[in-house]
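Student: build the 3D model from these lines:
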Amino acid sequence: MVELDALNRAVNTRLSAFVQACEARYRHDLKSICAGIRKSGCRALLIAGPSCAGKTTTSSLAAQLLASAPGRVYNLSLDDYFHNVDDQRAMYGENVDFDAIEALNLELLHSQLAQMMNGQETRLPRFDFLQGRRVDSGRTAALAPDDFLIVEGIHALHPQVLHAFSGQKVQTMFIDVEEEVVQNGSVLFSKRDLRFLRRIVRDYCFRGSSVENTYRLWDNVVKNEEKSLLPYRGRAAYRLNTFIGYECALLSADVRALLPAAQGTPYAKDAARLLRAASELPSVPRCVVPKGSLLEEFVGRP
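Tutor: As a prediction, this is how the structure comes out:
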């Protein structure tokens, strides 16, 4: 739980030290988890988490922490195993839903994971969202005895994904924003609100998505999380809080600029709620974000 008054004091009186401490907490926790994973002697790590939890950065940093010569660490994203959009429409109708477990080509995923874990060279796909289909990534993978595999995705803990690792020694991690921002005992931003702020800014900056469109997609994102992700988080051997203490102050200026566009839409009431809450936040510039921060997933580099 983050008290708004404490956040204001930290931003206004010791911003540089506060940023460093927030970043260090996340990295320290991840480093401790990776040390335990290494000691377990497993060959693979599955990282699951909801939208905008920070899976991409966490899996990349985990790869660095788990690297051990002479072995290599391979990163695999479940997003690259989506059914082609045309195939999804043929199977499920016109409404393409990338957040549903049914969007994954599980047959291809299982086949390639079996090949990799058995040391067979496998050509890895990459999902091209502009084309709406899988393409050749130019990457190959074949796990030698000293190699390690990291698989990340919303559904990495789903039984239909875990089934591919039957008989294999693997570790599992669930990541999420695990803090709330409170003011005078009342919740200003819930955990889900904080992820939504990340998504508003990310979608606008990197995907050209309006606030209205982000809201429209969010309802379905949450529905699929509650159906196909959250019931399985208890299976994770490790939990990681990816909240970065100064992030809401970092996002506040963008959020205040973007949310008014939701006026006149079905989402106006909730946007007004978030806008009122955001008006209570301090602001920090993007230039304070250190290179390699998890927050670069959402705001990029200055």
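
Student: first vs last residue of stretch 71-80, how far apart are they?
Tutor: For stretch 71-80, the first-to-last residue distance is 24 Å (Cα to Cα, to the nearest Å).

Student: helix or strand next in line after the helix or strand encompassing residue 194, which one?
Tutor: Element membership for residue 194, per DSSP states H and E: helix 191-207. Counting by DSSP H and E, the element after helix 191-207 in chain order, helix or strand, is helix 211-228.

Student: that following helix vs helix 191-207, what angle?
Tutor: 130 degrees (axes from the mean of the first three to the mean of the last three Cα atoms, to 10 degrees).

Student: what's helix 211-228 packed up against?
Tutor: helix 191-207, helix 268-278 (3 or more Cβ pairs under 8 Å, 6 or more residues apart in numbering; DSSP states H and E). Any C-beta I mention is one placed from the backbone N, CA and C, and that applies to glycine too.

Student: pLDDT on it, on average?
Tutor: The predicted model gives helix 211-228 an average pLDDT of 93.

Student: who's in contact with it?
Tutor: Contacting residues not belonging to helix 211-228 are listed as 50-51, 97, 99-101, 154-155, 158, 192, 196, 199-200, 203-204, 209, 258-259, 261-262, 265-267, 270-271 [Cβ atoms under 8 Å, 6 or more residues apart in numbering].

Student: show me which residues of the one helix or strand in the chain whose mean pLDDT sits lowest are buried.
Tutor: Ranked by mean pLDDT, DSSP states H and E, the helix or strand of the chain with the weakest confidence is helix 85-92, at a mean of 82. Across helix 85-92, burial judged by 16 or more other Cβ atoms under 10 Å covers 85, 87-88.

Student: picking that back up, of the contacts of helix 211-228, just the buried ones, ChimeraX syntax please.
Tutor: Selection of the buried residues among the contacts of helix 211-228 in ChimeraX, burial being defined by 16+ other Cβ under 10 Å:
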select :50,51,97,99,100,101,154,155,158,192,196,199,200,203,204,209,258,259,262,265,267,270,271
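
Student: list just the nearest of the buried residues of helix 85-92 to residue 143.
Tutor: Within the buried residues of helix 85-92, distances to residue 143 taken as Cβ to Cβ reach their minimum at residue 87, with 28.4 Å.

Student: just the helices and strands packed on helix 211-228: most buried one?
Tutor: Of all the helices and strands packed on helix 211-228, helix 191-207 carries the top mean neighbour count, a mean of 21, counting by mean count of other Cβ atoms under 10 Å.

Student: using PDB, write out every CA atom in that one.
Tutor: Below are the C-alpha coordinates for helix 191-207, written out as PDB (Å, rounded to 0.1, in the frame of the first residue of the first chain):
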ATOM      1  CA  LYS A 191      -4.000  -2.700  -8.400                       C
ATOM      2  CA  ARG A 192      -6.000  -3.100 -11.600                       C
ATOM      3  CA  ASP A 193      -6.300   0.700 -12.000                       C
ATOM      4  CA  LEU A 194      -2.500   1.000 -11.900                       C
ATOM      5  CA  ARG A 195      -2.100  -1.600 -14.700                       C
ATOM      6  CA  PHE A 196      -4.800   0.200 -16.700                       C
ATOM      7  CA  LEU A 197      -2.800   3.500 -16.400                       C
ATOM      8  CA  ARG A 198       0.200   1.700 -17.800                       C
ATOM      9  CA  ARG A 199      -1.900   0.400 -20.600                       C
ATOM     10  CA  ILE A 200      -3.500   3.700 -21.500                       C
ATOM     11  CA  VAL A 201      -0.100   5.300 -21.900                       C
ATOM     12  CA  ARG A 202       1.500   2.300 -23.600                       C
ATOM     13  CA  ASP A 203      -1.300   1.800 -26.100                       C
ATOM     14  CA  TYR A 204      -1.300   5.500 -27.000                       C
ATOM     15  CA  CYS A 205       2.500   5.800 -27.300                       C
ATOM     16  CA  PHE A 206       3.300   2.500 -29.100                       C
ATOM     17  CA  ARG A 207       0.100   1.200 -30.700                       C
END
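
Student: contacts for that helix, please.
Tutor: 50-53, 176-181, 189, 209-211, 213-214, 218, 222, 243, 247-248, 251, 254-255, 258-259, 274, 277-278, 297-300.

Student: hang on, the earlier thing: do you know which of the helices and strands packed on helix 211-228 lies nearest residue 170?
Tutor: Per Cβ to Cβ, nearest to residue 170 of the helices and strands packed on helix 211-228: helix 191-207, 26.0 Å.

Student: my guess is residue 183 contacts residue 4, does it?
Tutor: Yes: Residue 183 lies in contact with residue 4 (Cβ atoms under 8 Å); the separation is 4.3 Å.
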